[in-house]
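>>> return a 3D structure for these sequence lines:
(chains A and B)
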Amino acid sequence: MSMTPRERVLAAMRKEKLDRPPVAVFTQSATIGQMEALGVFWPEAHSNPKAMAKLGAGQADILGFEAVRAPFCLTAEAERLSCKVDPGKQDRTPMLKSHPFKFDPMMSEYDEPNLMSPEEFLSEGRPAAALEGIKLLKEQKGKEYAVVAGNTGPFTLAGHLVSTENLVFGIMMAPEEVTKWVKAVNPICKAYTQALADAGADVIQMSEPSASTDLLSPDMFDEFAGKYVKDSLAPVKDAFSVLHICGNTTPIINNMIGTKVSGLSIEEKVDPKEAVKIVKKRVALVGNVGCVNPLLMGTAEDCFKHAKVCREAGFDVVAPGCGLSALTKNENLIALVKAIKG
Amino acid sequence: MSAELDALINIVVNGKIKEATDATQKCLDAGIEAKTIIFEGLSKAMAIVGEKYAAKQYFLPQVLLSANTLYKGLDLALPLLKGKGGSKGSVVIGVVEGDVHDIGKNIVKAMLTGLGLTVIDMGKDVPIKDLIGKAKDTKSQILAESTLMTPTLEGMKETVKVLKEEGLNAKIKLMIGGGATSQEFATQIGADGWSYDAVEATKVAQKFLGI
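Predicted coordinates:
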């Protein structure tokens, strides 16, 4: 059976039976190895669409993965909504330096979420650059490779604007204020999701790390994150929707499926076999080769073995479980590819 | 155990933040020493909160609420303890340079403070040399570093190297934690201890200090 990588990834997203699963990075994919081979670097590639498209194709062009993916961080939306951002370095993702809105549960002082309209949000700044980057990726690579676009989930984005600790604390002190903020950012998340699909993305992978089980209980997940993801990610037209959450998501896999997304991306803290057993083919499962061990710290042989474990467990797409560290070695990623493609 | 102290423990465990200051004052009025309030009251309360978190009865919001309730009590009790040699040890804590995720660090700080340790909080995005320098200057026995992200794991590796180079590794124990870390990683880089969460962090610190 001869398939292009794109056909294979899309078939996997439809949960079709394949001779082997595709191998692709659905989370942050850029590494120093790719940057050096391609001559494009962070931080430029976070805001220059051409550089973004070139680096986003690196996982396929340099390492042999079966998808392309952009952008490379979770700060674009927050920056557009007026958070200060340190652009990072060649080997370090950008980071937020401020949470511009007041949300103080101790003093009971809360700013009103007066945010720009979704149309204005999409028109400039790094979200606009990412849309342009995805358009270029689609033009340049879209025939052969599935284009994956990443964005930020509503609970995480609300946390970026008001400080995640304050938002989480607010669940106990003033849940109505938390709801107000997540509700306010969600139309922006929804518009961005659809705009990425319209720009040519085949898969929208929304990361919602602040809704992990380290922070929220399963009930809180439903009330403050899941309910909104269901509205801003799952209904996307002309693309598959994948929800990514870090940490041990075993207790909320069913809640994540409840958002009606077409796929879940989970990390290595979830036992691969257990995940496949819980999911029961209700959604496509993406993951979950460990990003720190083995990909960053282990040997190529460790990576090869770990990839086989994910394949044998029955993952639909074999992928790193979370965003790659830029320092991950080429040989480890190539071993992951080889374990699946042969 | 007195009724006043029991009441305070109950208030911290249940996060009745508005009642914490009064309850602490009542303990003091009843003649309970600040040392007892901290070591037998607040410390015990945070241990219970930790157990509830480990058992998934509590999640982060409840822990934050209890931690903030604890601080209300500490605001009254800690100044009374100063200069009486009440501290059981000193810890410098911070999120390593390149990372700003500090919720976990703040919880560990609350738990270690509740344990009766002096905790020097360096905040987030802190250069390794500043963390080590502070631990050295304050003669702290423990340096606690946290990161959620993978790029910043390098900083922890660097810490082990610098501590060894400066001959400080016998005096300062390095404990690490945060989403990107694991026991496997801690062993790989040669850190003295690792903990999955704030409850385990208190156990690691207790082991280091022999308390």
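
>>> which residues of the chain score low on pLDDT?
All of this refers to chain A. Low-confidence segments of chain A (pLDDT under 70): A:1.

>>> my question was about chain B
B:1, B:82-86.

>>> show me it divided up by domain.
B:3-81, B:90-209 (automatic domain parsing).

>>> the first one: end-to-end distance?
The one in question is domain B:3-81. End-to-end distance of domain B:3-81 (Cα to Cα, to the nearest Å): 22 Å.

>>> go on, the longest one?
Across its full length, domain B:90-209 reaches 9 Å between end residues, using Cα to Cα.

>>> before we move on, what about stretch B:91-99?
20 Å.

>>> distance from the chain centre to that stretch, please.
13 Å (Cα atoms, centre = their mean, to the nearest Å).

>>> contact partners for residue 187?
Reading this off chain A. Residues in contact with residue A:187, defined by Cβ atoms under 8 Å, 6 or more residues apart in numbering or on different chains, are A:118, A:232. The C-beta positions use only the backbone N, C-alpha and C, and glycine is treated the same way.

>>> that was the other one, I meant chain B.
So residue B:187 contacts nothing (Cβ under 8 Å, 6+ apart).

>>> same check on the one 10 residues further on?
Shown here is residue B:197, whose contacts under the criterion Cβ under 8 Å, 6+ apart are B:53, B:54, B:104, B:177.

>>> so the residue of chain B found nearest chain A: helix, strand or coil?
As assessed by Cβ to the nearest Cβ, chain A sits closest to residue B:150 within chain B, at 3.5 Å. At residue B:150 the chain is in coil, as set by DSSP: H, G, I helix; E, B strand; the rest coil.

>>> distance of it relative to residue A:88?
Residue B:150 sits 13 Å away from residue A:88 when distances are taken as Cβ to Cβ, to the nearest Å.

>>> neighbour count winner among the two?
Neighbours of residue B:150 and residue A:88, each counted by other Cβ atoms under 10 Å in any protein chain shown, are more numerous for residue B:150; the result is 26 against 19.

>>> what residues does the stretch 51-200 of chain A put near chain B?
When proximity is defined as Cβ under 8 Å from any Cβ of the partner chain, the stretch 51-200 of chain A approaches chain B at A:88, A:91-93, A:95-97, A:106, A:164-165, A:168-169, A:171-173.

>>> which strand or helix spans residue A:287?
For residue A:287, the element it lies in under DSSP states H and E is strand A:284-289.

>>> over to the residue of chain B closest to chain A: give its phi and psi.
With angles defined as degrees, to the nearest 10, residue B:150 sits at phi -80, psi -40.

>>> is it true that it touches residue A:293?
No: applying Cβ atoms under 8 Å, one finds residue B:150 not in contact with residue A:293, separated by 10.6 Å.

>>> what parts of chain B come near chain A?
Checking chain B against chain A by Cβ under 8 Å from any Cβ, the hits are B:15, B:56, B:59-62, B:64-65, B:68, B:98-100, B:102-104, B:106, B:125, B:149-154, B:179-182, B:184-185, B:188.

>>> ok so, going back, as PDB, could you dump the C-alpha coordinates of the strand holding residue A:287?
What follows is strand A:284-289, C-alpha atoms only, in PDB (Å, rounded to 0.1, in the frame of the first residue of the first chain):
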ATOM      1  CA  ALA A 284      -7.300   9.000  17.800                       C
ATOM      2  CA  LEU A 285      -4.500   8.600  20.300                       C
ATOM      3  CA  VAL A 286      -1.200  10.600  19.800                       C
ATOM      4  CA  GLY A 287       1.900  10.000  21.900                       C
ATOM      5  CA  ASN A 288       3.600   9.200  24.100                       C
ATOM      6  CA  VAL A 289       7.400   8.800  23.800                       C
END
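
>>> quick one: the helices in the stretch 151-300 of chain A, in order.
Assigned helices in the stretch 151-300 of chain A, in chain order: A:154-162, A:164-173, A:175-198, A:218-221, A:227-232, A:253-257, A:272-279, A:300-313 (criterion: DSSP state H, counting those that start in this stretch).

>>> single out the most deeply packed of these.
Counting by mean count of other Cβ atoms under 10 Å in any protein chain shown, helix A:154-162 has the highest mean neighbour count of those, with a mean of 28.

>>> what's the spacing between the residue located most distally from the centre of chain A and residue A:162?
Of all residues in chain A, residue A:107 has its C-alpha farthest from the mean position, at 34.2 Å, by Cα atoms, centre = their mean. Here residue A:107 is placed at a distance of 13 Å from residue A:162 (Cβ to Cβ).
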